[in-house]
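Visitor: have a look at this prediction, sequence included:
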Amino acid sequence: MPVVEGQTQAPSNMIALKDLYPARGTIYDVRKGGVGDITELKASIKSIGVLIPLAVKKDGDKLIVVAGNRRLAALNELYPSTHKVPTISADAFSGDTRVLAMATNIALPPHPMDRYEI
C-alpha cells in the first residue's frame with residue numbers, strides 16, 4: 001500500500017473475506033444494495049489491488065467493516081470467500097465511524113443522504 005512521504009502507516013492484517021461482515025445502517029449498506037455501481041471499483045481492484053485496507057471493528061466474535069463496504073462488495077464478487085484482504089483495526093478510533101467511511105470515499109460523488117444532518 002502506498003504511503004505519502006512523511007506519513008506513517010499502521011500495519012494491516014490479512015483477513016479472509018468469509019470473516020468480514022458489512023456494517024449495518026450505513027449510507028452504503030451492502031445488505032440493502034446501497035453500494036451502487038462497483039464495476040470500475042472491481043476493475044481497479046483486479047488491476048492494482050486494494051490500496052486502502054478495510055477498516056474493521058470487533059463486535060463480539062465478528063469483524064465488522066466500518067469503512068470499505070463498497071470495496072468489500074467488490075472483493076466478494078471477484079474472489080472466493082477464502083481470499084485474504086488487507087484490513088486495519090478501527091477499534092482504537094473513539095469517534096463516529098461514519099467519519100472513517102466518509103474519509104475513505106472522498107473520491108466518490110456525494111450520496112444524496114450526505115446533504116442531511118443525522
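Guide: Sure, I can see it. Quantities reported herein were computed from a predicted structural model and do not represent experimental measurements. Numbering: from 1, shown residues only.

Visitor: all helices for this protein, in order.
Guide: Here the chain has its helices, by DSSP state H, at 39-48, 69-78, 97-104.

Visitor: helices and strands around the second one, which ones?
Guide: Read it as helix 69-78. With contacts defined as 3 or more Cβ pairs under 8 Å, 6 or more residues apart in numbering; DSSP states H and E, helix 69-78 has these neighbours: strand 20-22, helix 39-48. Using the backbone N, CA and C atoms, a C-beta is placed for each residue, glycine as well.

Visitor: which other residues reach the first one?
Guide: Residues external to strand 20-22 that are found in contact with it (Cβ atoms under 8 Å, 6 or more residues apart in numbering): 29-31, 54, 56, 59, 62-65, 69, 72-73, 85, 87.

Visitor: which residues touch the closest residue in space to Glu77 that isn't next to it in sequence?
Guide: What sits nearest to Glu77 in space, not counting adjacent residues and going by Cβ to Cβ, 6 or more residues apart in numbering, is Lys42, at 6.3 Å. Residues near Lys42 by Cβ under 8 Å, 6+ apart: Ala74, Glu77, Leu78.

Visitor: about what we covered before: redo the helices and strands packed on helix 69-78 as a markdown table? Include mean pLDDT and distance to Asn13.
Guide: As requested, those are exported to a markdown table (pLDDT from 0 to 100; distance: least, Cβ to Cβ, whole Å):
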| stretch | mean pLDDT | distance to Asn13 |
| --- | --- | --- |
| strand 20-22 | 93 | 11 |
| helix 39-48 | 92 | 18 |
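
Visitor: if we can go back for a sec, and the residue nearest to Glu77, how far from Lys84?
Guide: 18 Å (Cβ to Cβ, to the nearest Å).

Visitor: picking up where we left off before, pick the most deeply packed of the helices and strands packed on helix 69-78.
Guide: Neighbour counts (mean count of other Cβ atoms under 10 Å) averaged over each of these peak at strand 20-22, with a mean of 20.

Visitor: what's the distance between Ile48 and Tyr21?
Guide: Distance from Ile48 to Tyr21, by Cβ to Cβ: 25 Å.
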